[in-house]
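K.L.:
Generate coordinates for the sequence data below:
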Amino acid sequence: MQEAIERFLQYLQVERNASPLTLKSYREDLSALVSYLSESSSGRLPDPGAVGVQQLRGYVADLHARGYSKATTARRLASLRSFFRFGQREGWVDANPAKPLRNPRKSRPLPHFLSTEAVGQLLESPPGDAPMGLRDRAILETMYSAGLRVSEVVGLDDGDLDFSAEVLRVRGKGRRERLSPIGSYALKALRRWLRTRKLNTKIPPGPAAPVFVNKFGRRLTTRSVGRMLEKYLQQTGLDARTSPHTLRHSFATHLLDRGADIRSVQELLGHKSLVTTQIYTHVSTASLRAAYEKAHPRAKGSRIRN
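P.N.:
Numbering: from 1, shown residues only. A predicted model of the protein is given here:
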């Protein structure tokens with residue numbers, strides 16, 4: 001089993017050009033299956049070709065019993081389907097035992113987003129008279145201006161910045177690249193940060209130099225950005241549910257609220273499918289309804305009765 005998993009991960013990396021994060025997710029999902037099969041078989045791990053539908057149904061039931069979310073269960077099922085589909089290609093399984101398993105029905109909660117006023121308060125919170133404050137403001141401005149994922153913003157290199165065209169080259173999920181427009185506030189914040197960053201002699205110049213670094217000159221991690229955001233949330237008293245991804249949600253919601261068409265927002269977010277973007281139309285509609293209820297003199301308590 002372990003050998004088959006390693007071959008599968010190598011296939012994803014070499015032939016499918018999967019990102020490190022994607023490989024990490026597949027490894028975790030398949031390791032969870034291995035643990036379940038080992039426990040249910042008294043420590044004797046079956047060959048991958050001997051795993052059947054009933055064993056996988058038991059695994060899914062175990063996930064439910066352990067309280068895993070529907071989203072996590074669906075993701076692990078997708079990993080199993082891909083793994084056994086690879087097994088069909090390699091010839092060590094005739095039929096995909098994960099194919100008959102249905103995904104749990106997932107409710108899609110509306111994404112949390114900030115108002116334009118709250119975003120402005122957050123972006124103004126980093127101090128403008130300290131190097132790390134200039135860096136933090138540039139990070140937050142860039143994420144909100146271009147709708148970037150946190151992994152995308154920490155992955156930016158100097159060669160990805162085009163100040164004359166006012167765009168960023170962004171490497172998104174599946175290593176897909178896109179060009180993202182960036183606004184004047186973010187450009188100004190980036191210029192101020194880069195002038196300060198030049199004073200750090202530990203950063204070798206060149207197009208491959210990371211845009212955002214820590215005090216030691218090393219590229220920031222996604223976790224570092226999360227901790228940085230938590231600090232400013234505490235200072236400003238903004239909603240504690242806010243995460244780095246909230247700025248991306250806010251970016252999409254504010255664009256739609258102001259008349260941007262959904263296909264343009266899809267391109268800006270780097271979504272492969274329009275279905276992923278459509279959740280923001282629900283957020284936008286809810287926002288419009290709330291504004292209507294608040295502003296229209298006969299919106300509430302005025303239902304016509306027959």
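K.L.:
State the number of residues packed around P127.
P.N.:
Other residues near P127 come to 12 when the count uses other C-beta atoms under 10 Å. Backbone N, C-alpha and C define where each C-beta goes, glycine included.
K.L.:
buried set for the host helix or strand of A71?
P.N.:
According to DSSP states H and E, A71 maps onto helix 70-90. Buried positions in helix 70-90, judged by neighbour count with 16 or more other C-beta atoms under 10 Å: 73-77, 79-84, 86-87.
K.L.:
Name the residues that touch stretch 44-64?
P.N.:
Contact with stretch 44-64 is made by 1-2, 4, 33-34, 36-38, 40, 72-73, 76-77, 80, 83-84, 87, 92-93, 97-98, 100-101, as judged by C-beta atoms under 8 Å, 6 or more residues apart in numbering.
K.L.:
again, only using 6 Å
P.N.:
The contact list for stretch 44-64, computed with C-beta atoms under 6 Å, 6 or more residues apart in numbering, reads M1, A4, Y36, L37, S38, T73, W92, V93, P97, A98, P100, L101.
K.L.:
for stretch 224-232, same thing?
P.N.:
Contacts of stretch 224-232 (C-beta under 6 Å, 6+ apart): S125, D136, V150, P244.
K.L.:
Quick check: buried residues in it?
P.N.:
S224, V225, M228, L229, Y232.
K.L.:
which one among those gets closest to T276?
P.N.:
T276 has its nearest neighbour among the buried residues of stretch 224-232 in V225, at 22.3 Å by C-beta to C-beta.
K.L.:
circling back: just give me the closest of the buried residues of stretch 224-232 to G67.
P.N.:
L229 (27.6 Å).
K.L.:
Please, which helix or strand holds the closest one?
P.N.:
L229 belongs to helix 222-236 when assigned by DSSP H and E.
K.L.:
and L9, how many residues sit next to it?
P.N.:
By other C-beta under 10 Å, neighbour count at L9 equals 19.
K.L.:
Which of the three states applies to the closest residue to it other than its chain neighbours?
P.N.:
Of all residues not flanking L9 in the chain, L23 sits nearest, at 5.8 Å (C-beta to C-beta, 6 or more residues apart in numbering). L23 falls in the helix class when you classify it by DSSP: H, G, I helix; E, B strand; the rest coil.
K.L.:
do the same with R178
P.N.:
Classified using three-state DSSP, R178 is strand.
K.L.:
Wait, L269 touches G147, no?
P.N.:
Yes: between L269 and G147 a contact is recorded at 5.4 Å, counting by C-beta atoms under 6 Å.
K.L.:
Quick one, grab the pLDDT at K215.
P.N.:
Note for K215: predicted pLDDT of 86.
K.L.:
which SSE is it in?
P.N.:
Under DSSP H and E, no helix or strand contains K215.
K.L.:
ok, it - contacts?
P.N.:
Going by C-beta under 6 Å, 6+ apart, the list of residues near K215 is empty.
K.L.:
and with 8 Å instead?
P.N.:
M132.
K.L.:
Check the contact between E177 and R169; I expect there is one.
P.N.:
Yes: when contacts are counted by C-beta atoms under 8 Å, E177 is listed as touching R169 (6.2 Å).
K.L.:
For the two, work out which one has more neighbours and name it.
P.N.:
Higher neighbour count among E177 and R169: R169, with 14 against 10, using other C-beta under 10 Å.
K.L.:
What average pLDDT does the helix or strand containing that one get?
P.N.:
Using DSSP H and E, R169 sits in strand 167-171. Strand 167-171 shows a mean pLDDT of 94.
K.L.:
One more: stretch 226-241?
P.N.:
On average, stretch 226-241 scores 94.
K.L.:
And for stretch 94-101?
P.N.:
Stretch 94-101 comes out at a mean pLDDT of 92.
K.L.:
So for that stretch, what gets flagged as buried?
P.N.:
Buried residues in stretch 94-101 (16+ other C-beta under 10 Å): N96, P97, A98, L101.
K.L.:
Show the contacting residues for the residue nearest the centre of the chain.
P.N.:
Nearest to the mean C-alpha position of the chain, by C-alpha atoms, centre = their mean, lies R149 at 5.4 Å. Residues in contact with R149 (C-beta under 8 Å, 6+ apart) are G172, K173, P244, H245, R248.
K.L.:
what do you get for G270?
P.N.:
So G270 contacts V170, G172, K173, R176, R178, S180 (C-beta under 8 Å, 6+ apart).
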